[in-house]
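# Let me see the structure of the following:
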Amino acid sequence: MSYREMYNNWVENQYFDEKTRKELIDIKDDEKEIEDRFYKNLEFGTAGLRGVIAAGTNRINIYTVRRATFGLANYILKNTSKEEQSRGVVIAHDNRFMSREFCIETANTLAACGIKAYIFDGLRTTPELSFAVRKLHTIAGIVITASHNPPEYNGYKVYWEDGAQVMPEIASAITEEINSIEDYSTIPTLTDENKDLVVLLDDKQDTAFIEAVKTQLIRKELVQKVGKEFKIVYTPLCGTGNVPVRRALKEVGFENVLVVKEEEMPDCNFAGIKYPNPEDKKALTRGIELAKVEGADLVIATDPDCDRVGVAVKTTTGEYAMLTGNQIGGMLTNYIIEAKKSENKLKDNEVLIKTIVTSEFGADIAKANNLEIMNVLTGFKFIGEKIKSFEENNNEKTYLFGYEESYGYLVGTHARDKDGVVASLLISEMAAYYYSKGMSLYEGLQDLYKTYGYFKEETISLTLAGKEGLEKISEIISYFRNTNMETINNKKVVDVKDYVGGIDGLPKANVLKYFLEDESWVAVRPSGTEPKLKFYVAVKGDNEAQCDEKIDGIKVFINEIVNKLIK
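Next up, the predicted model:
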């Protein structure tokens, strides 16, 4: 069926509600918009859906959410035992437009298929969803969120019984089930007979989750000693982190926590923040302003579903600087190792896990402490998979810490996805430790650079939306794959890894990584959730100026190629 035929079907079919059909009639003269909304189905990617909220097959709406859920239900019913099916599915959602509605649609569709659906009474974080899957022993979990995307987006992420996002083979099988659903009217609807399969959870899950998070605190006495005076500014960016992050901090002894009032309560528009991403300094503008007024020691921001954490710290000049995900991850690696060593809790078999596009800063620190490092593909589920394999092999290896450059960290194994609650707690503990020594977190970072060398990274994101954009992204990565790059920025390429065929014991992935003679590296991969092509640049040098020069040269090299290809 052509995109025009699909559009006409949605306009004329009485299955779709009047509001949806009116929205589509209003764009009847915009052929480009019609094509973009209907030229394909919104793809169920590596773990779910993500898209702009609007009517159409290539948008997220109650109908595409129902379709995805019916596909998931069919996969569960065909591939799991009766006992596993009876365990049900738990669903959480964030503060975005339509999140609650999508949550209810998901629960009702599962119940209509005979599968129990647990829902919370309001917003919950992604890490609590991961925790709840394990705590409730459900066969799967779903969280309605578009993470840090702009306000017009929403999404749908699927988790399996281990609490991690579904692995590629399951995601692929679910996708097949979803793609087989061509007629939306065949999706079952809730009846009086199965409405009792939708179960509302109480707050016991919240308390269990917070208690699990609190057990990850290492220097408890230190926090209780300085927690009253150590000043933290926190912003949940209008999302799900407000209640659990503040609760966890308070219950361990951080009593001097100031919250950015404009960004405290849930808001679909994120208090005017166009891109509620803690990686973006603009998202921390109000937090940093409040910190300057109050003289705060630390600024923390969590994204809307509270799985990522951004940090700003006071520098030696009194200004506040953003730390990168690589810097935070490296510092946490060092802090956890040193804190455990001081209490004789560090085991010889502990392992640091990071992604292939994460810098070597934390890895070098772990190596210096004779610990093993494992590299996994981008996507925190691959870190969760390693934790699971450790447990299944009688803990021959012990999970120390896992992180990725995009501000995702997991301390502990209570969740199997990045956890902004526990990360906020450990970052605060780490900053309080330096504070107790008369140092800022920034000064602590500079000390580590003196020991291990200066590391710096930059991600170049090329956004190319629409059908033509996807084709152009494919063309660019094909160019890199098929061109013999002997040098990059006048540095010899000493190794190239193409993960498309599956190497180093990792699943297949559309990623290329170039290793240069000066310990720099460049990776290129399409985003799994957005219409973007990403270039990851990582360098190492004697100082920041030297690193900046290297990054600038590599960026010029990349931009020259890209500009030539997109003309």
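# quick check, Asp155 in a helix?
Residue 155: Gly, not Asp. No. Assignment of Gly155 by DSSP: H, G, I helix; E, B strand; the rest coil gives strand, placing it outside any helix.
# what bridges to it?
With beta bridges defined as DSSP bridges, Gly155 has these partners: Arg50.
# Quick one, grab the pLDDT at it.
Reported pLDDT at Gly155 in the predicted model: 97.
# how close does it get to Tyr39?
Distance, Gly155 to Tyr39, by C-beta to C-beta, to the nearest Å: 20 Å. Glycine gets a C-beta too; all of them are placed from N, C-alpha and C.
# Next: Tyr452.
As defined by C-beta to C-beta, Tyr452 lies at a distance of 49 Å from Tyr39.
# out of Gly155 and Tyr39, which sits in the busier spot?
Gly155 (26 against 17; other C-beta atoms under 10 Å).
# wouldn't the more buried one be in contact with His148 here?
No. The pair formed by Gly155 and His148 falls short of the contact definition of C-beta atoms under 8 Å, at 10.7 Å.
# What part of this protein, helix or strand, is modelled with the least confidence?
Sorted by mean pLDDT, DSSP states H and E, the helices and strands of the chain end with helix 466-482, the least confident at a mean of 89.
# Check which residues of stretch 276-294 are buried.
Neighbour-count burial for stretch 276-294, with 16 or more other C-beta atoms under 10 Å as criterion, is recorded at 276-280, 283-284, 286-288, 290-291.
# now those residues in JSON lines, with distance to Ile34, pLDDT and secondary structure?
Rendered in JSON lines, the data for those read as follows (distance: C-beta to C-beta, whole Å; pLDDT from 0 to 100; DSSP: H, G, I helix; E, B strand; the rest coil):
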{"residue": "Pro276", "distance to Ile34": "30", "pLDDT": "97", "secondary structure": "coil"}
{"residue": "Asn277", "distance to Ile34": "30", "pLDDT": "95", "secondary structure": "coil"}
{"residue": "Pro278", "distance to Ile34": "36", "pLDDT": "96", "secondary structure": "coil"}
{"residue": "Glu279", "distance to Ile34": "34", "pLDDT": "92", "secondary structure": "coil"}
{"residue": "Asp280", "distance to Ile34": "32", "pLDDT": "93", "secondary structure": "coil"}
{"residue": "Ala283", "distance to Ile34": "34", "pLDDT": "97", "secondary structure": "helix"}
{"residue": "Leu284", "distance to Ile34": "39", "pLDDT": "98", "secondary structure": "helix"}
{"residue": "Arg286", "distance to Ile34": "39", "pLDDT": "98", "secondary structure": "helix"}
{"residue": "Gly287", "distance to Ile34": "41", "pLDDT": "98", "secondary structure": "helix"}
{"residue": "Ile288", "distance to Ile34": "43", "pLDDT": "98", "secondary structure": "helix"}
{"residue": "Leu290", "distance to Ile34": "45", "pLDDT": "98", "secondary structure": "helix"}
{"residue": "Ala291", "distance to Ile34": "47", "pLDDT": "97", "secondary structure": "helix"}
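# check contacts around Glu562.
For the record, residue 562 is Val, not Glu. Contacts for Val562 were tallied using C-beta atoms under 8 Å, 6 or more residues apart in numbering; they are 462, 476.
# measure Gly330 to Arg286 for me?
Counting by C-beta to C-beta, the gap between Gly330 and Arg286 amounts to 27 Å.
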